[in-house]
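Asks: From the sequence below, what's the structure:
(one chain, ligands or ions: 1)
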Amino acid sequence: MKVIGVDIGGTKILGGLIDERGNLLEETLVYTKAHLGREKILENLFIAIDKLIDKDVKGIGIGSAGRINFKEGIVEYATDNLPGWTGCNLKQLLEDRYKIPVIADNDVNAAVIGEMWQGAGRGYKDIVMIAIGTGVGGAIVYNGEVIRGRNWSAGEIGHMILYPKGRQCNCGQRGCLEQYVSGTAIARTYSEVSKEKKIAGAEEVFLLAEKGDKMALEIVNDFVNSLSIAILSLKNLLDPEIFIIGGGVIGAKRVWWDKLKKTLENRASITPAQLENKATMVGAAKLIVDYLGKND
Ligand SMILES: [Zn+2]
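Replies: The predicted model follows:
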């Protein structure tokens, strides 16, 4: 059996043709061009799927940024990274077009399922995943099942308040984790502290820290401290077997991973994600494989 798994992000749509054992047979990337709105995002989603689909494909799994109604396959809420995406009925639109079953979930929920199937989550049943990229996403797995919440917003770890009265967040609160730990936040902090220096992104801050830049080192230490506070709070709340840490910032883990381990001592078990940018796509495929298995 073959299925298609798709990861819809603010910048890229990543699609994969995957068999029921998780082998990636073919892959495609289409730029989302999200700023052009819902119709353009859908057009690019169709282009990605059209490139992969053939008569042997039995279903499509979608992992999308935003709050996704898993039961209905509807985007309940998406931020301005995907303008106009809120309210989009992904399941119905895709089932009407392709005449095969479709399932949709939040991108980090799909990512943790991907890691459980093919990556760092294999063999674990109680997991917290933290995805640190442009923003901070999260997913909670309890006894092998993703906890999605009453309003499909469980696991929004990025909006746990870390510093009351802290930085304003786009969610309306102040001092959210995302405002201190995301790639965006790391770059912003460096720009603020160094004043005149323009900084391209978090990767540049990590490179500067590696070269011994004092300001960058301090920011990396603050990043590690903030992240460890969040991990320990979650550990006290959920006591998972393992924390899987992924997202773009994991690419620079050579600079900060050992510091994080040292800060946590043995109070929480952490492991880096293994599927890199493919986790959501692979997990979305697994969701539809399981769905087809149950509805045979
Ligand atoms: Zn927030």
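Asks: wait, doesn't residue 70 sit right on residue 148?
Replies: Yes - using Cβ atoms under 8 Å, residue 70 is in contact with residue 148, at 5.5 Å. All C-beta atoms are positioned from the backbone trio N, CA, C, and that covers glycine.
Asks: Need the overlap of contacts for these two.
Replies: Here residue 70 and residue 148 share the contacting residues 105-106, 109, scored by Cβ atoms under 8 Å, 6 or more residues apart in numbering.
Asks: List the buried residues for the helix-or-strand element of the chain with minimal mean pLDDT?
Replies: Sorted by mean pLDDT, DSSP states H and E, the helices and strands of the chain end with helix 183-194, the least confident at a mean of 93. Residues of helix 183-194 classed as buried: 183-190, 194 (neighbour count, 16 or more other Cβ atoms under 10 Å).
Asks: of those residues, closest to residue 241?
Replies: residue 183 (27.0 Å; Cβ to Cβ).
Asks: can you list the domains in this protein?
Replies: Listed by automatic domain parsing, the domain ranges of the chain are 2-111+278-294, 124-273.
Asks: Need the phi and psi values for the residue nearest to residue 89 when sequence neighbours are not counted.
Replies: Leaving out its chain neighbours, the residue that sits closest to residue 89 by Cβ to Cβ, 6 or more residues apart in numbering is residue 74, at 5.0 Å. Dihedral pair for residue 74: phi -110, psi 140, per degrees, to the nearest 10.
Asks: quick one: residue 74 and the ion, what's the gap?
Replies: Here residue 74 is placed at a distance of 23 Å from the ion (Cβ to the ion, to the nearest Å).
Asks: For the spatially closest residue to residue 267 that is not a sequence neighbour, pull up the helix or strand it's in.
Replies: Once flanking residues are discounted, residue 267 sits nearest to residue 232: 6.1 Å by Cβ to Cβ, 6+ apart. In this structure, residue 232 sits in helix 214-238 according to DSSP states H and E.
Asks: what's that helix packed up against?
Replies: strand 127-132, helix 178-181, helix 183-194, helix 202-210, strand 242-246, helix 253-264 (3 or more Cβ pairs under 8 Å, 6 or more residues apart in numbering; DSSP states H and E).
Asks: If you count contacts, what does the third one end up packed against?
Replies: Using 3+ Cβ pairs under 8 Å, 6+ apart as the contact criterion, the neighbours of helix 183-194 among helices and strands are helix 178-181, helix 202-210, helix 214-238.
Asks: Kindly reformat the ones you listed as TSV containing distance to the ion, mean neighbour count and mean pLDDT.
Replies: Listed next are these as TSV, based on distance: least, Cβ to the ion, whole Å; neighbours: other Cβ atoms under 10 Å; pLDDT from 0 to 100:
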stretch	distance to the ion	mean neighbour count	mean pLDDT
helix 178-181	6	26	96
helix 202-210	18	20	95
helix 214-238	13	18	97
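Asks: Dump these into CSV; add distance to residue 89 as well.
Replies: Shown next, in CSV, are the helices and strands packed on helix 183-194 (distance: least, Cβ to Cβ, whole Å):
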stretch, distance to residue 89
helix 178-181, 28
helix 202-210, 35
helix 214-238, 32
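Asks: thought residue 7 was touching residue 63?
Replies: Yes - judged on Cβ under 8 Å, residue 7 makes contact with residue 63 at a distance of 5.0 Å.
Asks: Just the pLDDT at the most centrally placed residue in the chain, thanks.
Replies: Centrality entry for the chain: nearest residue to the mean C-alpha point is residue 108, 3.7 Å, by Cα atoms, centre = their mean. As predicted, residue 108 sits at a pLDDT of 97.
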